[in-house]
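> Sequence and predicted structure below; questions after.
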Amino acid sequence: MGDILLIEDEPAMADFIVRSLTKEGHHVDYVATGDAGLDRALKFNYGLLIVDRMLPGTDGLSLVKVLRERQVRVPVLFLSNLGELDDRILGLNAGGDDYLPKPFAFVELLARVNALLRRRVQTAEQIVLQLGDLEMHLVKREVRRQGREIDLKPREFTLLEYMLRHANQVVTRTMLLEGVWGYHFDPKTNIVETHISRLRAKIGADMVDTVRGSGYIIHAARSNG
Amino acid sequence: MRLAQTVRSAAFRLTAAYVLLFTVSVGLLAALTYFLVVSRLDLEFRNHIRADTHTLSAEFAAGGPKQLLRAISERQHNRTAGGLYYSVLDSNGLALTGTAERHSCEAGWFEVVGPPDGDEPSGEMERLAVFATPLRQGYCLMVGDDYGKVRGVGTLVLRTFGWVILITLTLAVAGGLLLSSRFLKRIDIINRTAEAIIEGDIRQRIPRRAAPDDLDRLAATLNRMLDRTNDLMDSLRHVTSDIAHDLRTPLGRLRNQLEDAKAHAGTPEEFRAAAEEAIAEVDGLLSTFSAILRIAQIEGGSRRAGFKAFSLSRLVEDVCESFADAVEEASKRLTAEVAPNLAVNGDQELLVQALVNLIENAIAYTPQGSVIAVGLQRCEGRICLSVADNGPGVPETDLERIFQRFVRLEPSRSTAGNGLGLSIVAAVAELHGGAARASDNHPGLRIALTLPAA
């Protein structure tokens, strides 16, 4: 559990990813071709696959399609040089779980890797999300902290839901833009920041931290614990 | 060479086909006319002889051979019967009148060949058609006429048609040659123009004629196509040099920063700061690249395949709600006037980006305290999405230019941005079959997208 298989044909990129993820405490296996990658992914039980879309031999898309046909449910993060509109949709349709265009900032990769590794543990359908003394009822669309109801606008509600689903891990600005707004481009205006600060003001500043240069993290308030 | 080319030309072949068709139909008409005329004449010819035979037989029945001969000599004298030939033979086969020699007298038609009398084709004998009728007491009455009359009319019909066909053929072939050679000459001109363009003289155009016909319209269309190609090539050249130009500046800055860090940074903190600066510079370059790629992708049109109908009203409200706080933080105000339930058929993601780019453009180029007004309403059967501000605006002469790639109006280029935001807006509008227009908001800038309603 927790082992990552990287399938990437570009040696410099592969080296960078393996080194950086290893430094963060992950164990990474690395192969350079799609065929070798498919072989390993079928033989061993990985926690996550990082797959380059363009590979010699079996390309990334076909590889993941084959895995899904054989009922291998391992989370897949696609990497791509193309990184543009249609490619993301193709990748996700082929059975990928997330998509990161190259070049990327390492913090972005790390946050997504952690999110995908964690997601495996998460149970599918939850009605109530809880973190410390904060409680979110997804059906009634109610948020309470210490029993006191907090009034959130729809977008703030979605934002908090996304953060609670990734509680105690760093979520990047790009992840929030994609997950909460559905924006797959980078607006110059920091709408994430303004929404986070409003959310902070409503649920309490002690739960949401800014991780400089990376993103945001939500956790149970420490003072009350 | 020239003739062979003419014969191979489409115009000539068309003419030849028509000539052939015409000849065949005239031939058919000739045959039909000949048949009808000759058979009709033949019938009348024979009826005439039969009728006279009938009358003479009656004379014989009434008064015997004497009265018959008298009636015949009267006819010959008066030419009343139209110049028929008569012969009467007695039971011994001797001719009582006429020149016929015949020993049997079976009722019916037979042919007699006689010396030519002038109305037959030269070298041919006169042909008589004779009708024989046996009478009582062994007499035999024969009435005949020159069959050449019938044949002559038939020949005349055929000859007339022959001339008609000959003259028509001559005219048609001559006309076909003339027409196709004129046609070829103009094709040749188009060909030569095209070849000159292939050779590299891309400013060449096909000369037009005063009278607009098919070929002239074709020439006009080809010229317009060439203009369009030329424009595209021009814009491609511009874009290439603009990209090179616009990337050189940040790359130069990046190089200076790295050089500076290498020479002067001493502590790890200083190196880290330099690296962060460099990363920021590279991120800027990457975002320019990504914008260029995105424009290319949008202009490629492949996104059209994924178009869906959706509520643009909701999208606009959504974006405005998301940006309201950010705009306020920049000490400006965002207002939204959105007509409900306006749907378009399109790409949500791209329309979001277009609207965000417009709002961010307004944020970047207006002073504090400005109002940015987003509007969505029906206009003239289409849907108008507009973003207007009350900032300093854009000079009238530059209104069209702001959608071009890498165009930033302030010469200092102090404001962050790659000059591609509005190009993306224009490309998105065009992808949706609409257009982006900039106008004076008195004061300020107003940019409106007109989109077809779903």
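Noted; the coordinates are in hand.

> Can you give me every residue that contacts the closest residue to residue B:196 other than its chain neighbours?
Sequence neighbours aside, residue B:204 is the residue nearest to residue B:196 in space, at 4.5 Å (criterion: Cβ to Cβ, 6 or more residues apart in numbering or on different chains). Every residue, glycine included, has its C-beta placed from N, CA and C. Residue B:204 sits next to B:193, B:196-197 when contact means Cβ atoms under 8 Å, 6 or more residues apart in numbering or on different chains.

> any idea of the pLDDT on residue B:204?
We have a pLDDT of 86 for residue B:204.

> SS state for it?
coil (DSSP: H, G, I helix; E, B strand; the rest coil).

> and the gap between it and chain A?
Separation of residue B:204 from chain A (Cβ to the nearest Cβ, to the nearest Å) stands at 38 Å.

> anything in the helix or strand hosting residue B:318 near chain A?
Here residue B:318, judged by DSSP states H and E, is contained in helix B:312-329. Yes. Helix B:312-329 is in contact with chain A by Cβ under 8 Å from any Cβ of the partner chain, via B:321-323, B:325-327, B:329.

> List the contacts of that helix.
Contacts of helix B:312-329 (Cβ under 8 Å, 6+ apart): A:153, A:155, A:181, A:189-191, A:193-195, A:198, B:333-334, B:336, B:338-344, B:348, B:351-352, B:355-356, B:359, B:363, B:372, B:374, B:376, B:383, B:385, B:451.

> re the thing from before, could you tell me the backbone phi and psi angles at the residue nearest to residue B:196?
phi -60, psi 140 (degrees, to the nearest 10).

> quick one on the thing from earlier: now do the helix holding residue B:318, average pLDDT.
94.

> helices and strands around the helix or strand just after it, which ones?
Note on helix B:312-329: by DSSP H and E, the next helix or strand toward the C-terminus is strand B:333-338. Contacts defined by 3 or more Cβ pairs under 8 Å, 6 or more residues apart in numbering or on different chains; DSSP states H and E place strand B:333-338 against helix B:312-329, strand B:371-379.

> Including distance to residue B:397 and mean neighbour count, could those go into CSV?
Output for those, formatted as CSV (distance: least, Cβ to Cβ, whole Å; neighbours: other Cβ atoms under 10 Å in any protein chain shown):
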stretch, distance to residue B:397, mean neighbour count
helix B:312-329, 29, 19
strand B:371-379, 24, 18
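
> And the strands in chain A?
A:4-7, A:28-31, A:48-52, A:76-80, A:98-101, A:128-131, A:134-137, A:142-145, A:148-150, A:171-172, A:208-211, A:215-218 (DSSP state E).

> what helices or strands is the first one leaning on?
Judged by 3+ Cβ pairs under 8 Å, 6+ apart, strand A:4-7 is in contact with helix A:11-23, strand A:28-31, helix A:34-43, strand A:48-52.

> could you redo the last one with a cut-off of 6 Å?
If you count contacts as 3 or more Cβ pairs under 6 Å, 6 or more residues apart in numbering or on different chains; DSSP states H and E, strand A:4-7 packs onto strand A:28-31, strand A:48-52.

> Could you pick out the buried ones from the contacts of residue B:204?
B:193, B:197 (16 or more other Cβ atoms under 10 Å in any protein chain shown).

> and the contacts of residue B:204, which of them are in helices?
B:193, B:196-197 (DSSP state H).

> From residue B:331, how far off is the residue of chain A found nearest chain B?
Nearest residue of chain A to chain B, counting by Cβ to the nearest Cβ: residue A:194, 3.9 Å away. Per Cβ to Cβ, to the nearest Å, residue A:194 is found 13 Å from residue B:331.

> Return the residues of chain B in contact with chain A.
B:293, B:297, B:322-323, B:325-326, B:353, B:356, B:360 (Cβ under 6 Å from any Cβ of the partner chain).

> What does the pLDDT read for the residue nearest the centre of chain B?
Geometric centre of chain B, nearest residue: residue B:214, 8.5 Å, by Cα atoms, centre = their mean. Here, the pLDDT recorded for residue B:214 equals 83.

> Tell me how far it lies from chain A.
Residue B:214 is 42 Å from chain A, by Cβ to the nearest Cβ.

> residues contacting the residue of chain A closest to chain B?
B:325-326 (Cβ atoms under 6 Å, 6 or more residues apart in numbering or on different chains).

> May I see the buried residues of stretch A:44-57?
A:46-55.

> quick check: angle from the helix or strand of chain A with the lowest mean pLDDT to strand A:76-80?
Every helix and strand in chain A was compared by mean pLDDT, DSSP states H and E; the lowest is helix A:85-93, with a mean of 81. Relative orientation of helix A:85-93 and strand A:76-80, computed by axes from the mean of the first three to the mean of the last three Cα atoms, to 10 degrees: 160 degrees.

> Just the CA atoms of helix A:85-93, as CSV, please.
Provided in CSV are the C-alpha atoms of helix A:85-93 (Å, rounded to 0.1, in the frame of the first residue of the first chain):
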residue,chain,number,x,y,z
LEU,A,85,-8.4,21.2,-23.4
ASP,A,86,-9.2,18.0,-25.2
ASP,A,87,-6.4,15.9,-23.9
ARG,A,88,-7.6,16.2,-20.3
ILE,A,89,-11.1,15.0,-21.3
LEU,A,90,-9.6,12.1,-23.3
GLY,A,91,-7.5,11.1,-20.3
LEU,A,92,-10.3,11.2,-17.8
ASN,A,93,-12.6,9.3,-20.2
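
> Which neighbouring elements make contact with that helix?
So helix A:85-93, by 3+ Cβ pairs under 6 Å, 6+ apart, packs with no helix or strand.

> Run the chain-centre distance for it.
Its chain's C-alpha centre and that of helix A:85-93 lie 16 Å apart, by Cα atoms, centre = their mean, to the nearest Å.

> Neighbours of residue 146, how many?
Unless you meant another one, I'm taking chain A. Close neighbours of residue A:146, defined as other Cβ atoms under 10 Å in any protein chain shown, add up to 11.

> wrong one, I was asking about chain B
20.

> ok, now residue A:181?
20.

> Nearest residue to the residue nearest the centre of chain A in space, please, no chain neighbours.
For chain A, residue A:112 is the residue whose C-alpha lies nearest the centre (Cα atoms, centre = their mean; 3.3 Å). Spatial nearest neighbour of residue A:112, excluding adjacent residues (Cβ to Cβ, 6+ apart): residue A:98 at 5.4 Å.

> Repeat that for residue A:133.
Nearest non-adjacent residue to residue A:133 (Cβ to Cβ, 6+ apart): residue A:146, at 4.9 Å.

> Next, find the distance separating that neighbour from residue A:135.
For residue A:146 relative to residue A:135 (Cβ to Cβ), the value is 9 Å.

> swap in residue B:293?
Taken as Cβ to Cβ, the span from residue B:293 to residue A:135 is 44 Å.

> These two: which is more packed in?
residue A:135 (18 against 14).

> can you give me the offset of stretch A:156-172 from its chain's centre?
11 Å.

> In CSV, list the C-alpha atoms belonging to it.
Written as CSV, here are the backbone C-alpha positions of stretch A:156-172 (Å, rounded to 0.1, in the frame of the first residue of the first chain):
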residue,chain,number,x,y,z
GLU,A,156,-18.5,28.5,-0.1
PHE,A,157,-20.4,25.3,0.7
THR,A,158,-18.8,23.5,-2.3
LEU,A,159,-15.4,24.8,-1.3
LEU,A,160,-15.7,23.6,2.3
GLU,A,161,-16.9,20.3,1.1
TYR,A,162,-13.9,19.9,-1.2
MET,A,163,-11.6,20.8,1.6
LEU,A,164,-13.2,18.5,4.1
ARG,A,165,-12.9,15.6,1.6
HIS,A,166,-9.2,16.4,1.5
ALA,A,167,-8.9,17.3,5.2
ASN,A,168,-5.4,17.4,6.7
GLN,A,169,-3.7,17.5,3.3
VAL,A,170,-2.5,20.3,1.2
VAL,A,171,-4.9,21.3,-1.6
THR,A,172,-3.4,23.6,-4.2
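
> Other residues contacting it?
A:108, A:111, A:114-115, A:129, A:131, A:136, A:179-180, A:195, A:199, A:211, A:214-219.

> Narrow these to those that are buried.
Counted by 16+ other Cβ under 10 Å, the contacts of stretch A:156-172 give A:108, A:111, A:114-115, A:129, A:131, A:136, A:179-180, A:195, A:199, A:214-219 as buried.
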